[in-house]
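>>> give me the fold of what follows.
(one chain, ligands or ions: 2)
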Amino acid sequence: MHSRAGFLRSGLRLICRQQQRLATVSRHILKSPLPDVELPTLSVPEYVWQHVDQWPNKVALECGVTGRHYRYAEARELCRRFAASLRRAGLQPGSTLVTVMPNTAEWPIILLGAIEAGIVVSTFNPNFTADELSRQLRDCEPKAIVTLSTVLPKVQKAIALAARQVKPLIVIAPGIEPGSHIPTGTVDFREMIRDGIDTSDFRFTGNAEDTAVLPYSSGTTGFPKGVMLSHRNIVSNIAQHNDSPEISTCEPALGSHQDVLPVIMPFFHIYGISIMLLSKLAQGVKFVTLPRFEPNSFFKLLEEHQATVLYSAPPLILFLASHPGVRPKYLQSLRRVVYAAAPLGSLDVERFLRRAPPNTDVLQGYGMTEASPSVSHTVIGSTNYDSVGVPVPNTEMKIVDAETRTDLPQGEMGEICLRGPQVMKGYLNRPDATAEMIDRDGWLHTGDLGYYDKEGHFYVVDRLKELIKVKGFQVAPAELEEILRSHPDIDDAAVIGVPDERAGEVPRAFVVPKRSQISEEDVKKYVAEKVSEYKQLKGGVKFLTSVPKSPSGKILRRLLKSQ
Ligand SMILES: Nc1ncnc2c1ncn2[C@@H]1O[C@H](COP(=O)(O)OP(=O)(O)OP(=O)(O)O)[C@@H](O)[C@H]1O
Ligand SMILES: O=C(O)[C@H]1CSC(c2nc3ccc(O)cc3s2)=N1
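Ligands and ions are numbered 1, 2, ... in the order given. Here you go, the predicted structure:
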């Protein structure tokens, strides 16, 4: 399928680079306590499909609403057909294909088929406005766009806005909705995967350093940036999970076993692409998708499909911990629940655990798009829910002073850095931003504030850019938010810094009250009893009906600041 020599050459280059890096040794560097795993020199599709013959008839992908499904052998074949059709349509290896798609059972076929054709897949947020989409289109200049017919008008507007730079060759509308109509000038996805597509003349010739996916960072702290992740980055991060029994959540689908994973997190984030989809397809897991989150369809999915592992983010844990409709029977088959992408306090996890079956493992991952995404993980059996765990295998972490970049010892708070095979190639079209993020020794500076304890467990306190500076003291919004959420009359909360003449900045809370009324004074008093004077809510309390969040649960503080 591919040039194995190419992969081996780039593998050797990697080993040499790693040896050079080892020259800079510091006592404050923490290597993963988990045994190193072998890093395969395979392309993403080769890695994902390597064991498919062991579970050809097990369902790979199923739509939780319509029941439409694809078994493993069929999904694998459809990827090959889509790859061949893309090449025949004129897409060259190295060109870019953009997806603007909500979760569907076909999404993985589009992703893996295009990667197999040697195409870079950039996955956009389908909820973006035409303006936001056009900014990213101008940045990555795709040759093709895949979207749903329902999203197509917005995509066409975005293409028009980006007109001078972007002239996509084809717009493919997977008309999978029953009776859907494929507009003129677009290509029908069903035609590209139909029976009889000849796949014999197509070969993948790439190497491990080629970009496989180009997700955009969330844009929490600035405009989203295109993150170039190579085959090697993605395959390494998958192996770092799947080959490490301490953190791997699913088992291969051998015999009668098959893990069942409800897909609630969006596929288009690196969380969806790498952690949920690609790593678990390689283990023969059954995915059940929902086009949008809706409590009753989610409960039905959990119960009917006997979901075994749930990948989530803080909003979903908070929902399961507090929604009155959650019944024990919905959660009874769950063995493991993973959350990542944003901070969540141990009090919140404990509230969820009171409703979960005994012995449910709750695991936390910490990562970022630039790290494919996984940096650290809690190990199975750990109940230290405040910690983001230990570096994943083959990964080093350290804490540095954010300004001087000198290494800091255990217990001291500073910027979290990591080094490992999962660190991105760089940002697309942004060499300066790349150089700021990855230093000369290969350390990725995360922009997150944290520390590690005596056992080598890491803690994320907050984002450096989101800290509130009160009279020179740092206040982490996440700490105040956890306290606020522990109030019996508060559903959710967000904290930002607002300018203050005397203190520079002071914390202001935005609170979503439960049914009962709660006053500003009650909220302030509750917090004042629990924190030092400088952390108190001197910027006041505002009431909201919901906290604005990104799809992976990041609080959109810039929206609150602009209010
Ligand atoms: N378990 C976790 N606990 C706390 N924060 C987390 C956790 N996992 C991820 N994060 C946060 O998510 C960030 C990574 O998010 P992502 O890659 O989506 O981009 P972003 O940083 O939000 O976007 P941008 O770089 O465009 O501002 C991390 O740097 C960290 O702040
Ligand atoms: O969805 C996001 O916004 C990105 C930002 S960081 C991230 C994740 N990191 C990890 C690390 C381990 C893990 O099991 C899941 C995730 S998702 N997802």
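>>> OK, now which residue of the protein is nearest to ligand 2?
Using CB to the nearest ligand atom, the closest approach of the chain to ligand 2 is made by residue 365 at 2.0 Å. C-beta coordinates here come from the backbone N, C-alpha and C atoms, glycine included.
>>> quick one: the closest residue to that residue other than its chain neighbours from ligand 1, how far?
Spatial nearest neighbour of residue 365, excluding adjacent residues (CB to CB, 6 or more residues apart in numbering): residue 340 at 3.6 Å. As judged by CB to the nearest ligand atom, to the nearest Å, residue 340 and ligand 1 stand 5 Å apart.
>>> in its sheet, what does the host helix or strand of the residue of the chain closest to ligand 2 sit against?
Under the criterion DSSP states H and E, the helix or strand holding residue 365 is strand 361-367. Sheet pairing of strand 361-367 (DSSP bridges) gives strand 336-339 (parallel), strand 374-377 (antiparallel).
>>> the last one close to ligand 2?
Think strand 374-377. Yes: under the criterion of CB under 6 Å from any ligand atom, strand 374-377 makes contact with ligand 2 via 374, 377.
>>> check contacts around residue 287.
Applying CB atoms under 8 Å, 6 or more residues apart in numbering to residue 287 gives the contacts 60-62, 105, 108, 261, 263, 276-277, 280-281.
>>> got CSV for the strands paired with strand 361-367, with mean pLDDT, distance to residue 393 and mean neighbour count too?
Below are the strands paired with strand 361-367 laid out as CSV (pLDDT from 0 to 100; distance: least, CB to CB, whole Å; neighbours: other CB atoms under 10 Å):
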stretch, mean pLDDT, distance to residue 393, mean neighbour count
strand 336-339, 97, 17, 22
strand 374-377, 98, 10, 30
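>>> those into TSV, with extra columns for distance to residue 122?
Listed next are those as TSV, based on distance: least, CB to CB, whole Å:
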stretch	distance to residue 122
strand 336-339	25
strand 374-377	20
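>>> thinking again about what came up before, okay, buried residues for the strand holding residue 365 please.
Within strand 361-367, the residues that qualify as buried are 361-367, counting by 16 or more other CB atoms under 10 Å.
>>> restrict those to contacts with ligand 1.
Answer for the buried residues of strand 361-367 near ligand 1 (CB under 6 Å from any ligand atom): 364, 366-367.
>>> just the closest of those to residue 247, please.
Taking CB to CB as the measure, residue 247 lies nearest residue 364 of these, at 10.4 Å.
>>> tell me the pLDDT of the residue nearest the centre of the chain.
Central residue of the chain (CA atoms, centre = their mean): residue 271, 2.2 Å from the mean position. pLDDT, residue 271: 96.
>>> now the one 10 residues further on
Reading off the per-residue confidence, residue 281 sits at a pLDDT of 98.
>>> do you know how far it is from residue 317?
As judged by CB to CB, to the nearest Å, residue 281 and residue 317 stand 25 Å apart.
>>> let's have the buried residues of strand 361-367 in TSV, adding pLDDT.
As requested, these are arranged in TSV below (pLDDT from 0 to 100):
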residue	pLDDT
361	96
362	97
363	97
364	97
365	97
366	97
367	96
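>>> pretty sure residue 388 sits against residue 366.
Yes: with contact defined as CB atoms under 8 Å, residue 388 reaches residue 366; the gap is 3.6 Å.
>>> between these two, what contacts are shared?
375-377, 458, 460.
>>> could you work out the most separated pair of those residues?
So, the shared contacts of residue 388 and residue 366 by CB to CB: farthest apart are 377 and 460, at 12.6 Å.
>>> let me know the outermost residue of this structure.
residue 502 (39.7 Å).
>>> which bits of the protein sit near ligand 2?
218, 269-271, 275, 338, 340-341, 365-369, 373-374, 377, 552.
>>> what separation do you get for the residue lying closest to residue 356 once chain neighbours are set aside and residue 323?
Nearest non-adjacent residue to residue 356, counting by CB to CB, 6+ apart: residue 331, 5.4 Å away. Applying CB to CB, the value for residue 331 to residue 323 is 12 Å.
>>> next one: residue 458
31 Å.
>>> burial count for residue 306?
12 (other CB atoms under 10 Å).
>>> any stretches of the stretch 1-150 of the chain with poor pLDDT?
Residue ranges of the stretch 1-150 of the chain with pLDDT under 70: 1-25.
>>> which stretches in it count as helices?
4-21, 44-49, 72-88, 107-116, 130-140 (DSSP state H, counting those that start in this stretch).
>>> tell me which of the ones you listed sits most buried.
Across these, averaging neighbours per residue (mean count of other CB atoms under 10 Å) puts helix 107-116 on top, at a mean of 27.
>>> now for it, which elements pack on it?
Other elements packing on helix 107-116 under the criterion 3 or more CB pairs under 8 Å, 6 or more residues apart in numbering; DSSP states H and E are helix 44-49, strand 59-63, helix 72-88, strand 96-100, strand 120-123, strand 211-213.
>>> quick one, strands of the stretch 251-400 of the chain?
260-263, 286-289, 309-312, 336-339, 361-367, 374-377, 390-391, 396-400 (DSSP state E, counting those that start in this stretch).
>>> any chance of the ones you listed in a markdown table, plus distance to residue 297?
What follows is those, written out as a markdown table (distance: least, CB to CB, whole Å):
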| stretch | distance to residue 297 |
| --- | --- |
| strand 260-263 | 10 |
| strand 286-289 | 10 |
| strand 309-312 | 15 |
| strand 336-339 | 19 |
| strand 361-367 | 23 |
| strand 374-377 | 29 |
| strand 390-391 | 36 |
| strand 396-400 | 39 |
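>>> closest one of the buried residues of strand 361-367 to ligand 1?
Using CB to the nearest ligand atom, residue 366 is the member of those that lies nearest ligand 1, at 4.0 Å.
>>> can you name the residues bridging to that closest one?
Per DSSP bridges, the residues bridged to residue 366 are residue 376.
>>> residue 428: how many residues sit nearby?
21.
>>> not counting sequence-adjacent ones, nearest residue to it?
In this structure, residue 428 finds its nearest non-sequential neighbour in residue 226, 3.5 Å apart by CB to CB, 6+ apart.
>>> so for that neighbour, what's the pLDDT?
97.
>>> what do you get for residue 163?
Confidence score, pLDDT, at residue 163: 80.
>>> ok, now residue 517?
If you check residue 517, the pLDDT there is 80.
>>> from residue 523, how far out is it?
12 Å.
>>> now swap in residue 252 and tell me
On the measure of CB to CB, residue 252 and residue 523 end up 49 Å apart.
>>> ok, now which ones touch residue 496?
So residue 496 contacts 468, 477, 507-508, 510, 539, 557, 560-561 (CB under 8 Å, 6+ apart).
>>> assumed it was part of a strand.
Yes: counting by DSSP: H, G, I helix; E, B strand; the rest coil, residue 496 is located in a strand.
>>> for it, give the beta-bridge partners.
Assessed by DSSP bridges, residue 496 has beta-bridge partners residue 508.
>>> how about the residue in the stretch 401-550 of the chain that ligand 1 sits nearest to: what's its closest non-neighbour residue?
Closest contact between the stretch 401-550 of the chain and ligand 1, by CB to the nearest ligand atom, is at residue 460 (4.2 Å). Using CB to CB, 6+ apart and skipping residues adjacent in sequence, the residue nearest residue 460 is residue 450, 4.6 Å away.
>>> next secondary structure element downstream of the helix or strand hosting that neighbour?
Under the criterion of DSSP H and E, residue 450 resides in strand 444-452. Downstream of strand 444-452, the first helix or strand assigned by DSSP H and E is strand 458-463.
>>> mind giving me the packing neighbours of that following strand?
strand 444-452, helix 477-485.
>>> the last one vs ligand 1: in contact?
No: in terms of CB under 6 Å from any ligand atom, no part of helix 477-485 sits within range of ligand 1; the closest distance is 7.4 Å.
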